[in-house]
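Asks: Got a sequence here, can you model it:
(one chain, ligands or ions: 2)
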Amino acid sequence: MTVETIAKTYLNYINGEWVASSNQEVDSSISPANSKEIVGYIQRSTKEDLDEAVAAAKIAQIQWRKLSGVTRGDFLYKVANVIEQNIDDIAETMTREMGKTFPEAKGETARGVAILRYYAGEGMRKVGDVIPSTDADALMFTQRAPLGVVGVITPWNFPVAIPIWKMAPALVYGNTVVIKPAHETAVTAAKVIKCFAEAGLPAGVVNMVTGSGTIIGQGIVDHPDIAAITFTGSDQVGKAVGQGALARGAKYQLEMGGKNPVIVAADADLDLAVEATISGGLRSTGQKCTATSRVIVQSAVYEAFKEKLVEKIAQLKVGNGLSGETWMGPCASEKQLNTVLTYIEKGIAEGATLLYGGQRVVEPGLENGFYVEPTVFDQVTSDMTIAQEEIFGPVLALIKVNTLEEALEVANDVKFGLSASIFTKDIGNMLSFIKEMEAGLVRINSESAGVELQAPFGGMKQSSSHSREQGQAAIEFFTSIKTVFVKA
Ligand SMILES: NC(=O)C1=CN([C@@H]2O[C@H](COP(=O)(O)OP(=O)(O)OC[C@H]3O[C@@H](n4cnc5c(N)ncnc54)[C@H](O)[C@@H]3O)[C@@H](O)[C@H]2O)C=CC1
Ligand SMILES: O=C(O)CCC(=O)C(=O)O
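Replies: Numbers count the residues shown, from 1 in each chain. Ligands and ions are numbered 1, 2, ... in the order given. Below you'll find the predicted structure:
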């Protein structure tokens, strides 16, 4: 039976008003824990809706940029407070809509609050430098100017934190925003945008248009009045977004895939390494761009590590993320489940040994959800598809190496370079890893996932557009530098 009675319809937010799409069409957002459950109806918007949102953002920017950073920051403090008041509802919606467990969803929402407060404070920090001029009578300094309207295109895996870590800096530096959230998590996004509305932001400063990637996402890429685009999502779409933006001279920032390794050195604390591999690889059902997916283990401890890993994984409870007993929820969508199952089949076909899991979970109560077992492959080699491509699911590939040099070679043998971690007690190993590892985040004795909001976040190689988000790094994308020369 389809549970439709509680499903509400969520509207676009344009110029301070909640409005239906111009074609009156909606899509249902279903729960991955039970595909019969409709979480809500969301607008299947048109190019005209996007045009309206961009026009509103463009007009609103004229006044918004004139406010002081402190005043803009004050609005963000208010948004943070409203989200905090609604944290349980937002987190529960996130769990119902994309499947991650309620504690993870609540943690992510709290992280959104902290990000807002961080960037609210940013409104009081310096926005330029004084630089000595060769002319002793002149004053030369830099000033940060906003870009204009920023288009924000976000994925479903962090439906609260990612929109906020893009919107908060965009706003505090004087830009206005049009966001197109992932369609899979548009109800959660609408609840977040409602908090921006309740905080009293002026009309047009934040606008949300839901819809397909090909119409609304592509519309943002092509729109002449959108000055900059910030994107997180797949490698393939990200590259197309970058090309489209470049073609019309818009600024762009891309965060895309990862194929993150953990190296377990012969001297590692194996219990710690096992915990971190499980947490980094399987939390959020492996659907993080920072998730651990390759586990590169020195031969001296390979068998012992493997045994401990499988023993712990066997204890993980898969189920509905709203149940207190659940450790791992479903994949976020049927498409994602099928992607994961296809990669598992490829792993087997290419000769890896399936050590644990590998099956869809269809036990009573879960048969209508997109559940898959946590999965471990043994005897993986670096050339296999499961060791090269981003799976975005709870699949770990164990790779045996003899030396640390070999471990680093394998760790770097992918096109991505987002996050990497090593477990070792040896300072020499740590220093080699920090120096040689081609990744934007290198972590010692800690899992590959988990980003601190006050530090730069982004990848090397093909994981990003070589830019960084979050912390102080955000100012580089969301502003332009003016060099000012004043001669009295
Ligand atoms: N790095 C990350 O955090 C993420 C990576 N992924 C990877 O991507 C794979 C596919 O997931 P999807 O949700 O399909 O990612 P996607 O890249 O298709 O979607 C990300 C965002 O881009 C939008 N989009 C789609 N087509 C577009 C276009 N032509 N122009 C502009 N925007 C467009 C989507 O509507 C969504 O808002 C996953 O299996 C995973 O490997 C997915 C989500 C997040
Ligand atoms: O590891 C994290 O907390 C952030 C991951 C992330 O940014 C992503 O998956 O898109």
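Asks: and Ile434, that one's in a helix?
Replies: Yes: applying DSSP: H, G, I helix; E, B strand; the rest coil, one finds Ile434 inside a helix.
Asks: From Gly428, how far off is it?
Replies: 11 Å (CB to CB, to the nearest Å). C-beta coordinates here come from the backbone N, C-alpha and C atoms, glycine included.
Asks: Between these two, which is the more surrounded one?
Replies: Ile434 (12 against 9; other CB atoms under 10 Å).
Asks: Model confidence at that one, what's the number?
Replies: Looking at Ile434, its pLDDT reads 98.
Asks: Tally up the residues packed near the closest residue in space to Gln388 that isn't next to it in sequence, please.
Replies: Spatial nearest neighbour of Gln388, excluding adjacent residues (CB to CB, 6 or more residues apart in numbering): Val414 at 5.8 Å. As a burial measure, Val414 scores 24 neighbours (other CB under 10 Å).
Asks: Which residue, other than its chain neighbours, is closest to Tyr371?
Replies: Using CB to CB, 6+ apart, the closest residue to Tyr371 is Val361 (3.7 Å).
Asks: wait, what's in contact with the one you found?
Replies: Val318, Gly369, Tyr371, Val372, Glu373 (CB atoms under 8 Å, 6 or more residues apart in numbering).
Asks: If we use 10 Å, what do you get?
Replies: The contact partners of Val361, taken as CB atoms under 10 Å, 6 or more residues apart in numbering, are Val318, Gly319, Met328, Pro330, Glu367, Gly369, Phe370, Tyr371, Val372, Glu373, Pro374.
Asks: Emit the PyMOL select command for whichever of these are buried.
Replies: Applying 16 or more other CB atoms under 10 Å to the contacts of Val361, the buried members can be selected in PyMOL as follows:
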select buried, resi 318+319+328+330+369+370+371+372+373+374
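Asks: Ala397 is in contact with Gly347, correct?
Replies: Yes: shown here, Gly347 and Ala397 form a contact pair, counting by CB atoms under 10 Å, at 7.3 Å.
Asks: Tell me where the stretch 351-488 of the chain has strands.
Replies: 353-356, 375-378, 395-401, 416-417, 419-423, 441-444, 460-461, 479-487 (DSSP state E, counting those that start in this stretch).
Asks: Which other helices and strands does the longest one contact?
Replies: Taking 3 or more CB pairs under 10 Å, 6 or more residues apart in numbering; DSSP states H and E as the contact definition, the neighbouring helices and strands of strand 479-487 are strand 138-146.
Asks: got the contact list for the strand it packs on?
Replies: 61, 64-65, 69, 72, 126-134, 170-176, 227-228, 475-476, 478-488.
Asks: ok, 8 Å please
Replies: With CB under 8 Å, 6+ apart, strand 138-146 has contacts from 61, 65, 127-133, 173-175, 475, 478-487.
Asks: Same check on stretch 299-312?
Replies: 264, 266, 268, 270-271, 273-275, 277-278, 295, 297, 355-356, 376, 378, 396, 398, 400-402.
Asks: What of stretch 88-104?
Replies: 29, 31-33, 37, 39-40, 83, 105-106, 108-109, 156-157, 159-160, 184-185, 187-188, 191-192, 195, 283-285, 287, 321-322, 324, 326-332, 369-370.
Asks: Go through that stretch and flag the buried ones.
Replies: 90-102, 104.
Asks: now the contacts of stretch 299-312: which count as buried?
Replies: For these, buried by 16+ other CB under 10 Å: 264, 266, 268, 270, 273-274, 277-278, 295, 297, 355-356, 376, 378, 396, 398, 400-401.
Asks: Which residues of the stretch 201-350 of the chain lie near ligand 1?
Replies: Proximity of the stretch 201-350 of the chain to ligand 1, by CB under 6 Å from any ligand atom, involves residues 213-214, 217-218, 221, 232-234, 237, 240-241, 255-257, 289, 336, 339.
Asks: tell me the secondary structure for the residue of the stretch 51-200 of the chain found nearest ligand 1?
Replies: Going by CB to the nearest ligand atom, ligand 1 is nearest to Pro155 of the stretch 51-200 of the chain, at 3.2 Å. For Pro155, the assignment made with three-state DSSP gives coil.
Asks: residues in contact with it?
Replies: Pro155 touches Ile162, Ala182, Thr232, Gly233, Ser234, counting by CB under 8 Å, 6+ apart.
Asks: Which residue is the nearest non-sequential neighbour of it?
Replies: Nearest non-adjacent residue to Pro155 (CB to CB, 6+ apart): Gly233, at 4.5 Å.
Asks: Tell me how far the one you found lies from Ile313.
Replies: Taking CB to CB, one finds Gly233 at 28 Å from Ile313.
Asks: Likewise for Thr109?
Replies: 27 Å.
Asks: Just want to know which of the two has more residues nearby.
Replies: Thr109 (27 against 23).
Asks: Settle this for me: that one is touching Ile87, isn't it.
Replies: Yes: Thr109 is within contact range of Ile87, at 5.0 Å (criterion: CB atoms under 8 Å).
Asks: Show me whatever sits in contact with both of those two.
Replies: By CB under 8 Å, 6+ apart, no residue touches both Thr109 and Ile87.
Asks: wait, what's in contact with the residue nearest to Gln388?
Replies: Here Val414 is in contact with Lys259, Arg294, Ala387, Gln388 (criterion: CB under 8 Å, 6+ apart).
Asks: residues contacting the last one?
Replies: Which is Gln388. Contacts of Gln388 (CB under 8 Å, 6+ apart): Lys259, Ser382, Val414, Lys415.
Asks: By neighbours, which of those wins?
Replies: Lys259 (28 neighbours).
Asks: Need the residues touching each of Gly347 and Ala397.
Replies: Contacts common to Gly347 and Ala397, judged by CB under 8 Å, 6+ apart, are Phe377, Val380, Met384, Ile386.
Asks: Excluding sequence neighbours, find me the nearest residue to the last one.
Replies: It stands for Ile386. Nearest one to Ile386, counting by CB to CB, 6+ apart, is Gly347 at 4.2 Å.
Asks: Tell me which residues touch the one you found, please.
Replies: Leu354, Phe377, Val380, Met384, Thr385, Ile386, Val395, Ala397.
Asks: Can you pick out the most distant pair from those?
Replies: Spanning the widest gap among these are Leu354 and Thr385, at 14.4 Å by CB to CB.
Asks: so where do the helices sit in the stretch 151-300 of the chain?
Replies: Taking DSSP state H, counting those that start in this stretch as the criterion, the stretch 151-300 of the chain carries its helices at 161-172, 186-198, 218-222, 235-247, 270-282, 299-313.
Asks: any idea which helix or strand comes after the last one?
Replies: With elements assigned by DSSP states H and E, the helix or strand that comes after helix 299-313 is helix 334-349.
Asks: Go through the shared contacts of Gly347 and Ala397 and flag which are in helices.
Replies: In helices, judged by DSSP state H, the following of the shared contacts of Gly347 and Ala397 are found: Ile386.
Asks: Buried ones among the shared contacts of Gly347 and Ala397?
Replies: Here, 16+ other CB under 10 Å leaves Phe377, Val380, Met384, Ile386 buried among these.
Asks: so which of the strands of the stretch 351-488 of the chain gets nearest Asn207?
Replies: strand 479-487 (20.4 Å).
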